[in-house]
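Colleague: Need a 3D model of the following:
(2 chains)
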Amino acid sequence: MNPSTLYSQTLAQLDSTELSMTSPAGDALIQAAAPADHRRAVQLLLAVHQARLALGNAALTAIAAKLKANEAALTAGTAAVQASLNGLNNLVQILNTVSTLVGIVAQIVPMV
Amino acid sequence: MRASARLYAALFALSLFLTGCATARLTQFNTFAQAGITYTTASQTVITDAGNAVVNTDSAILIKSRTDLNEAQRRAAVTTSDTLLKQRLQVLQLIGAHGRVLQAYFQALASLSDPKATNSIGTAAQGVYASFAKIDPALTNAKIGSTSVSSFIPTVIAPIVATFKAHALNDELHARSADIAKELALQEAAFSAIASEFKTDAQVLQNIHETDSINQFASSTALPADWSTVRLPLLSTPVTVASADAAAKAAAQLRTAFTALVADQLDSNGFALLLGDISNILTIAKGI
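Modeller: Numbering: from 1, shown residues only, chains lettered A, B, ... in the order given. Down below sits the predicted model:
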């Protein structure tokens, strides 16, 4: 079993345990328990919750690292697409400039 | 003369055909890019909500356990939780920041595939021709077949520009399709993980509120004045859970659409599915 599968299976188990312990049925059991058992159960709930947080952080950190590694490709892609767009925008600018220039020439020609 | 008229007619028909092909391809890119922009925008809301949910749930668990812990245990519990929550918020922030990089990519794709840019070049070329026509009046009335040259220009320019843009976008796809496919798979994995934890946090918080409500009722002390009014939201599925599911589903649909885009097989059915999921995540994000 690879670490990623192990993480997600353990995390799913912790999710399910915390949900079960906080559910109305789970809470009723904890409320009805003897004081020592009640205290232990509440401490266990806290431990399960914090383990879930830690494992969730590890799983998300592993994905975030892979996303970060892919960022250079995205930035390069954005630059490449932007360069094509700039090429088109420059063409519009050139055509507009030529149009203005030729318009001026057209006004001068009859005077010559 | 008739032969040249036929040639011009054929060229005209060819240009319309090319415009149709390139425009259809640009529309595919534009729809995909717009869906991507919407997805990245809405997913930022999901990330913020996931961060809020994890902190609120942790606070509720700490409060619930507080009376069963001694001072040293309470101090250790809150310190550990604070450390873990800082890590969680930091990693969510990293995923959010990365989402903005992805959004910039989609925005660039949307700009290049925008049909308005094609029109502006056609109009600019027409302006140049009109300027020349001022110098040489013969150009003003020049015709190809029965169509004036001036009105013909945007029609000729459009397929060239559309083809250029479609080529540029196809080149981009070929250069980075593996990276984008990987990116979308990672987005799906990230939002599945975020959604799973977000759902647990939201459900645990709701459980705690529900058991509080039950314990209040079971107790012999007087009920809070708002006891009955807060019951309905406690018994319904939290709206935030729906947003978490929608983000993961939209990421999966975006990946499917991308595969179809690469294969030039993104049809109206694919669009409908993609837009349905994206619209769903946006509606939920707006409703939160």
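Colleague: switch to C-alpha atoms for all contacts and neighbour counts from now on
Modeller: Noted.
Colleague: Would you check how far apart B:Ala50 and A:Gly26 are?
Modeller: 25 Å (C-alpha to C-alpha, to the nearest Å).
Colleague: ugh, typo on my part, it should be B:Ala22
Modeller: B:Ala22 is 61 Å from A:Gly26, by C-alpha to C-alpha.
Colleague: A:Ala64 too?
Modeller: According to C-alpha to C-alpha, A:Ala64 and A:Gly26 sit 35 Å apart.
Colleague: Also B:Leu69?
Modeller: Per C-alpha to C-alpha, B:Leu69 is found 19 Å from A:Gly26.
Colleague: what's the answer for B:Ala202, then?
Modeller: Counting by C-alpha to C-alpha - B:Ala202 and A:Gly26 are separated by 17 Å.
Colleague: Which one's more surrounded, A:Ala64 and A:Gly26?
Modeller: Between A:Ala64 and A:Gly26, A:Ala64 has the larger neighbour count (other C-alpha atoms under 10 Å in any protein chain shown), namely 22 against 16.
Colleague: Hmm, B:Phe29 and B:Ser113 touching each other?
Modeller: Yes - when contacts are counted by C-alpha atoms under 8 Å, B:Ser113 is listed as touching B:Phe29 (6.1 Å).
Colleague: intersection of neighbour lists for the two?
Modeller: Jointly contacting B:Ser113 and B:Phe29 under the rule C-alpha atoms under 8 Å, 6 or more residues apart in numbering or on different chains are B:Leu169.
Colleague: Could you list the low-confidence segments of the stretch 151-288 of chain B?
Modeller: Applying pLDDT under 70 to the stretch 151-288 of chain B flags the ranges B:151-152, B:154-155, B:238-240, B:266-268, B:270-271, B:281-288.
Colleague: Next, name the residue at the spatial heart of chain A.
Modeller: With distances taken as C-alpha atoms, centre = their mean, A:Ala64 lies nearest the centre of chain A, 7.6 Å away.
Colleague: domains for chain A, by residue range?
Modeller: A:1-69, A:80-112 (automatic domain parsing).
Colleague: The ones you listed: lowest mean pLDDT?
Modeller: For the domains of chain A, the weakest mean pLDDT is recorded on domain A:80-112, namely a mean of 78.
Colleague: and that one, does that touch chain B?
Modeller: Yes - Domain A:80-112 is in contact with chain B by C-alpha under 8 Å from any C-alpha of the partner chain, via A:80-82, A:84-85, A:88-89, A:91-92, A:95-96, A:98-100, A:102-103, A:105-106, A:109.
Colleague: and B:Thr67, how many neighbours?
Modeller: 12.
Colleague: Could you do B:Asp179 as well?
Modeller: 17.
Colleague: In chain A, what residue spans correspond to helices?
Modeller: A:3-22, A:24-32, A:35-69, A:71-108 (DSSP state H).
Colleague: Let me know the angle separating the third one from helix A:71-108.
Modeller: When you say that, I think you mean helix A:35-69. Between helix A:35-69 and helix A:71-108, the angle formed by their directions is 40 degrees, by axes from the mean of the first three to the mean of the last three C-alpha atoms, to 10 degrees.
Colleague: before we move on, what about the first one?
Modeller: Helix A:3-22 runs at 100 degrees relative to helix A:71-108, counting by the same axes, to 10 degrees.
Colleague: Residues touching helix A:3-22, excluding its own?
Modeller: With C-alpha under 8 Å, 6+ apart, helix A:3-22 has contacts from A:26-27, A:45, A:48-49, A:51-52, A:55-56, A:59, B:197, B:200, B:203-204, B:207-208, B:211.
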